[in-house]
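Student: output the structure for:
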Amino acid sequence: MMPQNQSNQTSIEQLFSMGWISHSDKDETFDATASVTRSELAQVLGKAFKLHQRTTAENPAIFIQDMTSDRPDYAAIQIALKTGTMTVDNQGRFFPDRPVTRAEGLAIFAQAYGVFQLSENAVTDLLNQHPDALNIPDWAKQAIATALQEGFVNTDRNQAIRPLEPMTRNDLAYALIQYLEKQQNPAFVSEYL
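Tutor: Numbering: from 1, shown residues only. Predicted structure coming up:
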């Protein structure tokens, strides 16, 4: 069998080969419809955005009430917390095994990427292009506007964002592929900046 080179790998295979995503522990196939948990999101974004290389990754550990340090995902979650990519709730809980909604997942993705400081009007203009934008929680609007502007959101044929639906592994893979393409072909300057 001939080894595959980068040009003939599918996008998902490329994400696997880069180590950004992996198979679930229980299955040897990529289940595109499986929900993404907070733990998985922290691990994937840590790899894709090299969060461990950020200076804030050296910040002191953050207490997590609902996790112990012997979990295999603990270090990745600590880095996501120390860099401000993700947060704990006001009681110090991370909820590592809880699935994220598309709004939460896309906002966290944008946080790892770098949320643009768009004007309120620019955020409104971007969101108003989508029929279900009213369902986006206020805390996520700026970040989701960034994700939309950068092309990280896979909308449906009606341009719906579906912010309250669970984020699937396919949704996350789509955002990662778009991010990877931006890294390989940087050039675009937004009209909203």
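Student: select the longest helix from the chain.
Tutor: Of all the segments assigned as helix in the chain under DSSP state H, the longest by residue count is helix 169-184.
Student: show me what it is packed against.
Tutor: Identification of packing neighbours for helix 169-184 by 3 or more CB pairs under 8 Å, 6 or more residues apart in numbering; DSSP states H and E yields helix 11-18, helix 38-48, helix 102-113. C-beta coordinates here come from the backbone N, C-alpha and C atoms, glycine included.
Student: rerun at 6 Å
Tutor: Helices and strands touching helix 169-184, as assessed by 3 or more CB pairs under 6 Å, 6 or more residues apart in numbering; DSSP states H and E, comprise helix 11-18.
Student: what is the rounded mean pLDDT of the helix it packs on?
Tutor: Helix 11-18 carries an average pLDDT of 66.
Student: spell out for me which residue occupies the centre of this protein.
Tutor: Residue closest to the mean C-alpha point of the chain, counted by CA atoms, centre = their mean, is F109 at 2.9 Å.
Student: restricting to C-alpha, output the longest helix of the chain in PDB.
Tutor: Extracted in PDB, the C-alpha atoms of helix 169-184 (Å, rounded to 0.1, in the frame of the first residue of the first chain):
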ATOM      1  CA  ARG A 169     -17.500  16.100  16.300                       C
ATOM      2  CA  ASN A 170     -18.300  17.000  12.600                       C
ATOM      3  CA  ASP A 171     -19.000  20.600  13.700                       C
ATOM      4  CA  LEU A 172     -15.600  20.800  15.500                       C
ATOM      5  CA  ALA A 173     -13.800  19.100  12.600                       C
ATOM      6  CA  TYR A 174     -15.300  21.700  10.200                       C
ATOM      7  CA  ALA A 175     -14.000  24.600  12.300                       C
ATOM      8  CA  LEU A 176     -10.600  23.000  12.600                       C
ATOM      9  CA  ILE A 177     -10.400  22.400   8.900                       C
ATOM     10  CA  GLN A 178     -11.300  26.100   8.200                       C
ATOM     11  CA  TYR A 179      -8.700  27.200  10.800                       C
ATOM     12  CA  LEU A 180      -6.100  24.900   9.200                       C
ATOM     13  CA  GLU A 181      -6.800  26.400   5.800                       C
ATOM     14  CA  LYS A 182      -6.400  29.900   7.200                       C
ATOM     15  CA  GLN A 183      -3.000  28.900   8.600                       C
ATOM     16  CA  GLN A 184      -2.000  27.600   5.200                       C
END
